[in-house]
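Novice: Coordinates for the following, if possible.
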Amino acid sequence: MHIEIDTDILNDLGISADDFVYLYLLHAKAYDLIRELSIKPNTEFLQTEGYVKLGEDVEDDVVRQKFLDCIEDSFDRMWSELLSHFPIKVYTKGNVRILRAKDSDARNNQKAKKAYHKVIGKNVAKHNKIVNCLKNELDFRKSNNSLGFMQMLQTWVNQHTWEQYEDIDVGRTDDQDRRITRQL
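Specialist: The predicted structure is shown next:
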């Protein structure tokens, strides 16, 4: 069995790799693998946090929805969440520029939706990272009045523009990396 572990999910959930593998195998009903592997999950912690309901034996343990939401999220829900944060239109010098269609299933959004699906698949952690980058970009653009230069949704997805705003800190107050300009 192939299990892909995204470290962002581990950080978001506050669990170890052993905990994740245990929950994943429990969800897949791979009880023999749980016994065979030498993983050491903190089952009491997982139950306290609401990820699992413990029973008498491994077969009696039940994975709760809180964990399932992190590994099996609906793409349509993630797409709708992205659209809820992405602006519909921006204003530039008295003009209005349309960035995307209002309806998430509109024909105008379909190419961007397909491209976004290729980027994230079912990876909820990657989706959350992209939404956080979008929020960073919006905050950055609002702080320096450049919201009018925002890309259209399809271009934004195709060019992976969110990657530029991954490490940006909008609330930064020091002048360390700022450009120095002088007046004559």
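Novice: Next up, phi/psi of the residue nearest to the spatial centre of the chain, please.
Specialist: Geometric centre of the chain, nearest residue: residue 128, 1.5 Å, by CA atoms, centre = their mean. Residue 128 adopts backbone torsions of phi -60, psi -40, taken as degrees, to the nearest 10.
Novice: same question, residue 89
Specialist: phi -150, psi 160.
Novice: burial count for it?
Specialist: 11 (other CB atoms under 10 Å). C-beta coordinates here come from the backbone N, C-alpha and C atoms, glycine included.
Novice: separation between it and residue 164?
Specialist: Separation of residue 89 from residue 164 (CB to CB, to the nearest Å): 22 Å.
Novice: what sits against the closest residue to residue 47 other than its chain neighbours?
Specialist: Counting by CB to CB, 6 or more residues apart in numbering, residue 47 lies nearest to residue 54, which is 5.1 Å off, once chain neighbours are set aside. For residue 54, the contact set (CB atoms under 8 Å, 6 or more residues apart in numbering) comprises 43-44, 47, 60-61.
Novice: my guess is residue 125 meets residue 5, correct?
Specialist: No: with contact defined as CB atoms under 8 Å, residue 125 does not reach residue 5; the gap is 10.1 Å.
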